[in-house]
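J.: Here is my input, please return the structure:
(chains A and B)
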2 protein chains.
Amino acid sequence: MNLILLENKDFVEPETVVVKGRRLKHLLSVNKVNEKDSLVCGLLNGKIGTGKIKKKSESFLEMTVTLNQDPPAPLPLTLVLALPRPKMLKRIIETVTTLGVKTIYLINSWRVEKSYWQSPLLDTDTMAKHMILGLEQSRDTIMPEIFQKRFFTKFVNEDLPLISKNSLRVTAHPKTSRICPVGINKETTLVIGPEGGFIDIEIETLEKQGFLSCNIGQRILKVETAVTFLISRLFS
Amino acid sequence: MNLILLENKDFVEPETVVVKGRRLKHLLSVNKVNEKDSLVCGLLNGKIGTGKIKKKSESFLEMTVTLNQDPPAPLPLTLVLALPRPKMLKRIIETVTTLGVKTIYLINSWRVEKSYWQSPLLDTDTMAKHMILGLEQSRDTIMPEIFQKRFFTKFVNEDLPLISKNSLRVTAHPKTSRICPVGINKETTLVIGPEGGFIDIEIETLEKQGFLSCNIGQRILKVETAVTFLISRLFS
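T.: From the prediction side, this is the model:
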């Protein structure tokens, strides 16, 4: 835990917080904190700063906090991802949160297994847990927004033009010869398909909306590797 | 499975192979192959090409294979990694194999927990299994070599100068202001520390051997994310 993510309900006085539960357990057993230690803290969707430990016990931690710095800049990226299998989704959500992605669309596609949409992982609270782990890792406070879209064609034709307005439009697609651009560092909408890739008609639908199909070389990567690889490449 | 990785013992005739076990199971249940299908095949540490299914049953698959193409080019990278916790190591080995890394040193460091070195994952056969999954994913055939080095200072002072000769020397280190270079695309030796990072004396030891400490921005990434992120950045 590189940052203690605080919520308004943790404040007992304007500059005093009491931390319990999962965060306390982690701070005691992994970070091995002690009284008088100064730790990096941040308010969910707010500023970051430091917290000084006043009291430490087995059941709570009391800190005096000063929060006066902005969290790291978000990535200028909207990520559109064909729903991956649940185990992978969990890690991807955590990882892209760590990398600074703030807007994620999980969409359906021909090769997305229908059962994936039934996963309890897709519950708002469960997703939030994984995003919080990502924020704690990268010392960020701003929660990403995740949207679930179950109708591919409707989403691409009706929602995506607006979502991707004024941004670079890229689809990651192994079966194309155009190499993905490097170091774009401007507003981008990146669409990533399922394991096995989008089918031809899906690629055509995306191309009609201005999405360039680009590959990242001869090697076929797992979706979770491709996501990090592409983000690093686009924003290097 | 994007490539069926064959071994010499699979050949029953010069151009005929019989596939059983794990690969057969995967081909039947996931790839859902049929007789007359053409599949991408490769010989372990050899050429790649195609295999045409002649006979399919519940217990074996017989194919006629033609192997006449080179596998994808390896990355010009030697990866030196402080031993991560076993669960993460498994995924990292698979991922870096997918990305084309062929030489990996797993080293000790102050913040590597001693128990990690007892993990059954470090057995040669278990490591090989994860490398094979990585090769199958990225349609490669060349097995990486993994070396385990349990004495940090001895390794850095005695082995590393020779290992990294004529290569760019980089240590990934969050606590430095130098930003990691982009698009190097030449022989590189990349050293990545444990969760929590190298301690100062370790960084100094590496710097004395010419290793530039570089960071990848304000965000602190998990080792498994950092590995992919750095490789994408160095070889974009």
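
J.: Which residue, other than its chain neighbours, is closest to the most centrally placed residue in chain A?
T.: Among the residues of chain A, the one closest to the centroid is A:Thr97, at 2.6 Å (C-alpha atoms, centre = their mean). Nearest-residue entry for A:Thr97: A:Gly134, 2.7 Å, with adjacent residues in sequence omitted and distances by C-beta to C-beta, 6 or more residues apart in numbering or on different chains. Any C-beta I mention is one placed from the backbone N, CA and C, and that applies to glycine too.

J.: Okay, the one you found and A:Arg91: tell me how far apart.
T.: Between A:Gly134 and A:Arg91 the computed distance is 10 Å (C-beta to C-beta, to the nearest Å).

J.: who's in contact with the residue nearest to A:Asp140 when sequence neighbours are not counted?
T.: Computed as C-beta to C-beta, 6+ apart, the closest residue to A:Asp140 that is not its neighbour in sequence is A:Pro71, at 5.0 Å. A:Pro71 sits next to A:42, A:47-48, A:139-142 when contact means C-beta atoms under 8 Å, 6 or more residues apart in numbering or on different chains.

J.: Include secondary structure and pLDDT when you put those residues into TSV, please.
T.: Listed next are these as TSV, based on DSSP: H, G, I helix; E, B strand; the rest coil; pLDDT from 0 to 100:
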residue	secondary structure	pLDDT
A:Gly42	strand	98
A:Lys47	coil	98
A:Ile48	strand	98
A:Arg139	coil	97
A:Asp140	coil	98
A:Thr141	coil	98
A:Ile142	coil	98
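
J.: A:Glu224: helix or strand, and which one exactly?
T.: helix A:223-234 (DSSP states H and E).

J.: which residues sit against that helix?
T.: A:75, A:77, A:79, A:81-82, A:84, A:88, A:91-92, A:95-96, A:99, A:101, A:170, A:172, A:180-185, A:188, A:190, A:192-195, A:216, A:221, B:95, B:98-99, B:225, B:228-233, B:236.

J.: let's see it at 7 Å
T.: Contacts to helix A:223-234, defined as C-beta atoms under 7 Å, 6 or more residues apart in numbering or on different chains, come from residues A:75, A:77, A:84, A:88, A:91-92, A:95-96, A:99, A:172, A:180-182, A:184, A:188, A:190, A:192, A:195, A:216, A:221, B:95, B:98, B:225, B:228-229, B:232-233, B:236.

J.: now those: which count as buried?
T.: Burial by neighbour count, judged by 16 or more other C-beta atoms under 10 Å in any protein chain shown, picks out A:75, A:77, A:84, A:88, A:91-92, A:95-96, A:99, A:172, A:180, A:182, A:184, A:188, A:190, A:192, A:195, A:216, A:221, B:95, B:98, B:225, B:228-229, B:232-233, B:236 from those.

J.: Just the terminal-to-terminal distance for stretch A:102-121.
T.: From its first residue to its last, stretch A:102-121 covers 19 Å (C-alpha to C-alpha, to the nearest Å).

J.: oh, I was asking about stretch A:214-231
T.: Stretch A:214-231: ends 13 Å apart by C-alpha to C-alpha.

J.: Just the contacts of helix A:223-234: which are in helices?
T.: If you go by DSSP state H, the contacts of helix A:223-234 have A:88, A:91-92, A:95-96, A:99, B:95, B:98, B:225, B:228-229, B:232-233 in helices.

J.: re earlier: pretty sure the residue nearest to the centre of chain A sits against A:Pro144.
T.: Yes. Using C-beta atoms under 7 Å, A:Thr97 is in contact with A:Pro144, at 5.5 Å.

J.: can you list residues touching both of those two?
T.: A:Met131.

J.: if we can go back for a sec, wait, what's in contact with the residue nearest to A:Thr97?
T.: A:94-95, A:97-98.

J.: now the residue nearest to A:Asp140, what's its secondary structure?
T.: Here A:Pro71 is coil, with the state taken from DSSP: H, G, I helix; E, B strand; the rest coil.

J.: Return the distance of it relative to A:Leu135.
T.: 9 Å.

J.: Which positions in chain A make contact with chain B?
T.: A:2, A:72, A:95, A:98-100, A:137-139, A:182-183, A:218-222, A:225, A:228-229, A:232-233, A:236 (C-beta under 7 Å from any C-beta of the partner chain).
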